[in-house]
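Student: How does the following fold in three dimensions:
(2 chains)
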Amino acid sequence: MRAMEVEDFGHHISRRFNEDLEHVRNSVLKMGGLVEEQLDRALQALSQADSELGLKVAHDDYKVNELEVAIDEECSKILATRSPAAIDLRLIVAVIKTITDLERIGDEAEKIGFLSARLATTDNAANNYRELRNLARHVTEMLHRTLDTFARLDAKEALAIVKSDEEVDQEYEAIYRQSITFMMEDPRSITRVMDLTWAARALERIGDHAKNICEYVIYMVHGKDVRHINVESIEARVVGKDVR
Amino acid sequence: MPRRWVSHLIYLGVWLLLASVLGAAFGRPSWWLVGALAIWLGVTLRRLYALDRTLDGHRSLAIIATSGLWAELLARVQRYKDKARYRKKKYHRLLREVRESTGALHDAGVILNQQNEIQWFNAAANRLLGLEASRDNGQRIDNLVRHPAFAAYLRGDSDNVIFVPSPKDPSSRLSVQVIPYSRHQRLAIFRDVTQEYRLERTRRDFVANASHELRSPLTVFGGYLDAMLGDDGIATAWRGPLAEMRRQTDRMARIVEDLLELSRLESSDSHASRNLVDVAAMLKAIGAELSEAPQHPSLSFDLDENTALLGDETLLHSIFQNLINNAVRFTPEGGSVEVAWKKSSAGVDLAVRDTGIGIPDDLIPRVTERFFRVDPGRSRAAGGTGLGLAIVKHALQKHGATLSITSQLGKGSEFTCHFPVERVAARGGMRQVAVQ
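Tutor: Residues are numbered from 1 along each chain as shown, chains lettered A, B, ... in the order given. Alright, predicted model coming up:
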């Protein structure tokens, strides 16, 4: 009778533990959803020269920050009270890192919001978005796939996203060069083009942060740290493990 | 006892009788009996074996006995098996038909359990949401459809419809409805409304742009008409027409302003800001403004001065002004208009009661439609734009408030705005804010 009670108690703890972990994971994705919406609206403000929306995005960044703090605290609590091991520990570590990157993505969206509010006042505001459209689409999709990967713990997809970051970098590079040409041709456009370049820069940074999150996903699934090494070695580690 | 058993036992009795008769004739009757029982047992075992194999699915062994208890037993087993197979086939076909029909649906259907985990979805869910059965069953749906509005909707119990961008294609719009259909399961239906959404947006943009473009020419008209009316050189015969033109220009300018305000309200889907607004003071100011007009009905106020509202000052002013203005316009001289600002159980209410002409019952639901008029000739003469109540409705929605209307034809109407409790604030707090 006594043994049964103890067993039941232990079972209860582990179920609560599972729920806690699951809750943390869901909170990260909730934060991700918020960040995605922020980015979406920032880009909408840019494309439609809607300064009001741009400022609203900048103002709403506090929601992302609040979530980061809340999740961080939750993670510390789990670390302190449950001392997780193996995959659980990796999940917590990955979450702590992921929310930092998500928060930064939120900051970049805030920046784009500000810039779009400023750009909306320029003469041909409707044209602002044209240069950035491709990059914006690419980065939005990348962020979306990253969060999907996090939800599905899909290391292969994560690897594909890490690879696609190169394209984002190239696109940014192209915009950067184009901007320099514009500024040399017509010095009056410098203010506008500089702002646009900043927006492009913010998008490129978002791509980098998304890539980081993908690396945490790979770490979480395979327990291998794949930061700061080239894509081929990551592939060798991930695929090698998959083949087994 | 069934007859087959009776005859079976008779067979056994005859068999044993035969053995004992032969035993009595040839000697060693007990050996004869044992032999007879052994044969009986052997046959029984053989048939049991056949039955067992039949149940395993070996059909050919069923013809072991041609009559009697065993034959009947085997036949019955066979019948049950056939029936089961037939049922299985039927259910298979039914299931396939259900699958095919849900697969043919254009709307995505996803079955969720209590934790919002995906249990099952149809083919359209793959097309609209990008779900894959192999990896997404058991995943929480708000982890994949991450739009904050959807998460908030899932938590709430509301059964109305919301719109979110598709996770697969951000430029498209899906309408979502979640229907609980058993204690543990809910059905989420996603419908692609991109076309309607774009059309609606085009319409909104068109109205906004058209109104915007109309504003500047109207200002020019108004300016020149003013100048002409002030010019003594204009023939007196033209004075009347010019004054009428001036009035119509004003009216058109008001309509354009209202249209612009309405499209502004419609285009932003965010909630109204939460600034502290002293409603009592605002209502009094509106009342004072209206009292300056000639021949107005008597205005009385019953205001709870200590209750303020958290909201958007411009929008609230627009709501109150429209409601009170309407009441005054549709109440003949000698009537009365009462404005009450009172706390209620669910928050705080603003009620505007008049003793005016009233609204027919069947038209009450339509009065908040744009350009809807109960009595077209009369309201136009009263100087309305036909957009006032539409603006009120939208502005109230931004505050999470609702409008209720009761009316009796010829006796008067009552318009009540119900503001939710989270928008209510104490006026004492306002002073503190002001000091800071």
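Student: going forward, measure contacts and count neighbours with C-alpha atoms only.
Tutor: Noted.
Student: residue ranges of the helices in the chain, please?
Tutor: By default, I'm working from chain A. For chain A, applying DSSP state H gives helices covering A:2-47, A:51-82, A:86-119, A:128-152, A:155-185, A:190-222, A:231-243.
Student: that's the wrong chain, I wanted chain B
Tutor: Counting by DSSP H, one finds helices in chain B at the ranges B:3-26, B:29-56, B:68-104, B:123-129, B:133-136, B:141-144, B:148-155, B:194-230, B:239-267, B:279-291, B:313-329, B:376-381, B:388-398, B:427-435.
Student: Throw the ones you listed into JSON lines and include mean neighbour count and mean pLDDT, thanks.
Tutor: Listed next are these as JSON lines, based on neighbours: other Cα atoms under 10 Å in any protein chain shown; pLDDT from 0 to 100:
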{"stretch": "helix B:3-26", "mean neighbour count": "14", "mean pLDDT": "89"}
{"stretch": "helix B:29-56", "mean neighbour count": "15", "mean pLDDT": "86"}
{"stretch": "helix B:68-104", "mean neighbour count": "14", "mean pLDDT": "86"}
{"stretch": "helix B:123-129", "mean neighbour count": "19", "mean pLDDT": "85"}
{"stretch": "helix B:133-136", "mean neighbour count": "13", "mean pLDDT": "80"}
{"stretch": "helix B:141-144", "mean neighbour count": "23", "mean pLDDT": "84"}
{"stretch": "helix B:148-155", "mean neighbour count": "16", "mean pLDDT": "83"}
{"stretch": "helix B:194-230", "mean neighbour count": "14", "mean pLDDT": "87"}
{"stretch": "helix B:239-267", "mean neighbour count": "17", "mean pLDDT": "86"}
{"stretch": "helix B:279-291", "mean neighbour count": "16", "mean pLDDT": "85"}
{"stretch": "helix B:313-329", "mean neighbour count": "20", "mean pLDDT": "87"}
{"stretch": "helix B:376-381", "mean neighbour count": "12", "mean pLDDT": "65"}
{"stretch": "helix B:388-398", "mean neighbour count": "22", "mean pLDDT": "87"}
{"stretch": "helix B:427-435", "mean neighbour count": "11", "mean pLDDT": "50"}
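Student: still on that earlier bit, closest to chain B out of the helices of chain A?
Tutor: Chain B sits nearest to helix A:2-47 of all the helices of chain A, at 4.4 Å, using Cα to the nearest Cα.
Student: from the stretch 101-250 of chain B, which residue is nearest to chain A?
Tutor: Residue nearest to chain A within the stretch 101-250 of chain B: B:R146 (4.4 Å; Cα to the nearest Cα).
Student: So what's the residue count around that residue?
Tutor: Residues near B:R146, counting by other Cα atoms under 10 Å in any protein chain shown, number 26.
Student: ok, now which ones touch B:F320?
Tutor: By Cα atoms under 8 Å, 6 or more residues apart in numbering or on different chains, the contact list for B:F320 reads B:283, B:286.
Student: swap in B:A188?
Tutor: B:108-112, B:176-179.
Student: Save those as a markdown table, and put in distance to chain A too.
Tutor: Output for those, formatted as a markdown table (distance: Cα to the nearest Cα, whole Å):
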| residue | distance to chain A |
| --- | --- |
| B:A108 | 19 |
| B:G109 | 20 |
| B:V110 | 18 |
| B:I111 | 19 |
| B:L112 | 16 |
| B:V176 | 17 |
| B:Q177 | 19 |
| B:V178 | 19 |
| B:I179 | 22 |
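Student: Can you name the residue of the stretch 301-436 of chain B nearest to chain A?
Tutor: Here the residue of the stretch 301-436 of chain B nearest chain A is B:D312; by Cα to the nearest Cα that distance is 15.2 Å.
Student: give the contact list for that residue.
Tutor: For B:D312, the contact set (Cα under 8 Å, 6+ apart) comprises B:272-275, B:277.
Student: swap in B:L33?
Tutor: Shown in contact with B:L33 (Cα under 8 Å, 6+ apart): B:16, B:19-20, B:23.
Student: follow-up on the earlier one: list the residues that contact the residue of the stretch 101-250 of chain B closest to chain A.
Tutor: Applying Cα under 8 Å, 6+ apart, the residues near B:R146 are A:29-30, A:32-34, B:167.
Student: Turn those into TSV, columns for pLDDT, distance to A:L102 and neighbour count.
Tutor: Shown next, in TSV, are the contacts of B:R146 (pLDDT from 0 to 100; distance: Cα to Cα, whole Å; neighbours: other Cα atoms under 10 Å in any protein chain shown):
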residue	pLDDT	distance to A:L102	neighbour count
A:L29	90	10	24
A:K30	89	11	23
A:G32	91	7	30
A:G33	90	10	25
A:L34	91	10	23
B:P167	80	18	22
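Student: quick one on the thing from earlier: quick check: which of the helices of chain B is nearest to B:S344?
Tutor: Ranking the helices of chain B by proximity to B:S344 (Cα to Cα) places helix B:279-291 first, at 15.3 Å.
Student: I'd like the distance from that closest one to the chain centre, please.
Tutor: How far helix B:279-291 lies from its chain's middle: 38 Å, per Cα atoms, centre = their mean, to the nearest Å.
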